[in-house]
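Student: Give me coordinates for this.
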Amino acid sequence: MTRQMAMVGFLQAQNCTNLPSSWRHPESRDDSMSADYYQEIARILERGKFHMAFFDDRLAMPDRYGNDHAHTVEYGIRCVKMDPIVVLTTMGMVTTKLGLASTCSTTYFEPFDVARRFATLDLMTNGRAAWNVVTSVNDGEALNMGKEQHLEHDHRYDRADEFMEVVLGHWDAWEDGSLIIDKTSGRFADPTKVKRLDHKGQFFTSRGPFTVPRSPQGHPVVIQAGSSGRGQRFAGRWGEVIFTAARNLANAKQGYDAIRGEAAKAGRDPDQMFLCNLITPVTGATKAEAEDRMAVIQKLPLEIDALSLLAEGLNFDFGAKPIDEPLTTEELQGMQGMLGIRDGVLRTSGKTNPSTRDFITFSGRGQVQDAMVGGPKEIADRLEEMFVGRGCDGFVVAASYVPGSYADFVNHVVPELQRRGLYHKDYAGTTLRENLGLKRPAAGAWKTRPQVAAE
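Tutor: Reported below is the predicted structural model:
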């Protein structure tokens with residue numbers, strides 16, 4: 001079979017999508033705190049043969065702007081944040097092939113806990129789980145989780161490397177064939193095939209033995225979205241699905257080659273990973289219909305949306321100085337969290353010391369300027385260019401209103417991509433790894449690679 005696109009639905013277990021103004025759309029459902037809301041999305045994505053539904057997450061509502069949460073609650077800027085793993089289980093109940101992915105932080109949880117949660121989800125969904133590994137972004141999360149402040153960027157990734165070793169070590173504890181379940185002999189499992197980890201490292205200590213056997217796909221798929229240099233090294237070492245956010249083919253190819261290069265340095269096969277680029281499609285049966293939809297969507301965002309998400313994402317209070325005053329070099333260097341946002345603004349604006357307004361203009365946070373607007377042909381043309389040009393291996397589809405954006409894409413764009421032979425017409429199997437074309441990992445296989453990329 002020729003190379004096929006991977007497709008991911010980008011979700012939030014909250015009152016809006018990643019576009020905070022989505023809840024204001026006249027056609028958006030307003031029951032985002034109900035199971036039926038997410039189950040409808042799940043059915044739509046599975047009808048469109050999406051490889052997975054993915055939940056982004058934070059452990060705090062955005063409150064870094066003005067160091068207050070009032071604006072977040074008043075304007076509905078991601079102020080509701082439910083546990084995405086619990087939400088995923090409701091989606092798993094109404095689907096059989098759709099992959100189910102959730103974010104979980106290496107900074108604020110213990111490795112054994114995370115390993116058990118995702119291994120359980122993997123068993124309960126017959127091998128469809130994936131874990132998006134993040135190190136969290138801001139002080140609000142730290143304060144909610146009993147810490148005084150958020151850890152420094154590169155230090156978080158150092159801890160995350162060891163976190164991964166512990167999680168994968170636990171996932172490897174039960175060898176294939178360890179379960180016997182013989183009522184006649186009374187033997188449940190072979191103790192020689194269940195190992196204790198006994199990990200004692202620089203950051204973590206975890207004994208084991210692990211309490212969840214391996215799933216049909218071996219263990220959950222590992223997702224990563226690091227965009228800084230350190231983040232790319234981490235992604236190259238561990239990630240099987242990588243999320244990117246390039247705005248054009250040239251930038252996409254640069255990031256694509258860089259992360260695949262990091263994977264090769266780590267002794268991995270770069271073809272055993274998928275880089276999926278974020279898109280916000282606004283589509284309909286025709287280009288004119290799509291443009292009419294976009295006219296409504298463009299009226300939704302507020303300036304406070306961008307300011308709030310920038311402050312949250314970079315752990316920096318953008319309300320502390322006038323909006324048009326250039327930020328100092330010290331302020332820029334002191335930013336933490338998602339440093340790819342800062343670096344992208346510096347690169348795109350061409351300014352050494354951009355202002356807060358420049359960050360709003362060039363970051364795209366909380367806005368829809370980067371939306372792909374068009375009918376099936378126009379959207380498919382854009383996706384084909386980036387995919388065939390090796391800027392990515394697939395796409396993370398963000399919604400401007402829910403569930404209509406997903407339905408529009410499935411109804412109009414998916415058939416066009418299938419007609420062009422770029423996107424599968426049915427799932428290859430039942431597990432997420434089978435449907436992505438990833439090999440089922442043998443226990444301990446990750447240990448055999450040269451450990452250089454993330455050092």
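Student: got the contact list for whichever helix or strand residue 396 is part of?
Tutor: Using DSSP states H and E, residue 396 sits within strand 394-397. Residues from elsewhere that reach strand 394-397 (CB atoms under 8 Å, 6 or more residues apart in numbering): 5-10, 50-51, 54, 243, 274-281, 383, 387, 405-406, 409. C-beta here means a position set from N, CA and C on the backbone, and glycine is covered the same way.
Student: Tell me the strands beside it, with direction?
Tutor: strand 6-12 (parallel), strand 274-279 (parallel) (DSSP bridges).
Student: Could the C-alpha coordinates of that strand be exported in PDB?
Tutor: Only the C-alpha atoms of strand 394-397 are listed here, as PDB (Å, rounded to 0.1, in the frame of the first residue of the first chain):
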ATOM      1  CA  GLY A 394      -0.600  13.100   9.000                       C
ATOM      2  CA  PHE A 395      -2.600  15.800  10.700                       C
ATOM      3  CA  VAL A 396      -4.100  16.800  14.100                       C
ATOM      4  CA  VAL A 397      -7.500  18.200  13.300                       C
END
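Student: got the CA coordinates for the helix or strand just after it in CSV?
Tutor: Next in sequence after strand 394-397, counting helices and strands by DSSP H and E, comes helix 404-408. What follows is helix 404-408, C-alpha atoms only, in CSV (Å, rounded to 0.1, in the frame of the first residue of the first chain):
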residue,chain,number,x,y,z
GLY,A,404,-19.8,20.4,13.5
SER,A,405,-16.1,21.0,12.6
TYR,A,406,-15.3,17.3,12.9
ALA,A,407,-18.5,16.3,10.9
ASP,A,408,-17.6,18.8,8.2
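Student: now for the helix or strand just after helix 404-408, which elements pack on it?
Tutor: Following helix 404-408 in sequence order, the next helix or strand is helix 414-419 (DSSP H and E). Counting contacts by 3 or more CB pairs under 8 Å, 6 or more residues apart in numbering; DSSP states H and E, helix 414-419 is packed against helix 376-388.
Student: got the angle for the helix it packs on vs strand 6-12?
Tutor: Counting by axes from the mean of the first three to the mean of the last three CA atoms, to 10 degrees, helix 376-388 lies at 110 degrees to strand 6-12.
Student: Buried residues in helix 376-388, which are they?
Tutor: For helix 376-388, a neighbour-count test (16 or more other CB atoms under 10 Å) marks 376, 378, 379, 380, 382, 383, 386, 387 as buried.
Student: Stretch 319-332 now?
Tutor: Neighbour counts over stretch 319-332 (16+ other CB under 10 Å) mark 319, 326, 327, 332 as buried.
Student: From those residues, which land in helices?
Tutor: Judged by DSSP state H, the subset of the buried residues of stretch 319-332 located in helices is residue 332.
Student: so what's residue 25 up against?
Tutor: Applying CB under 8 Å, 6+ apart, the residues near residue 25 are 296, 297, 300, 400, 401, 404.
Student: No further questions, thank you.
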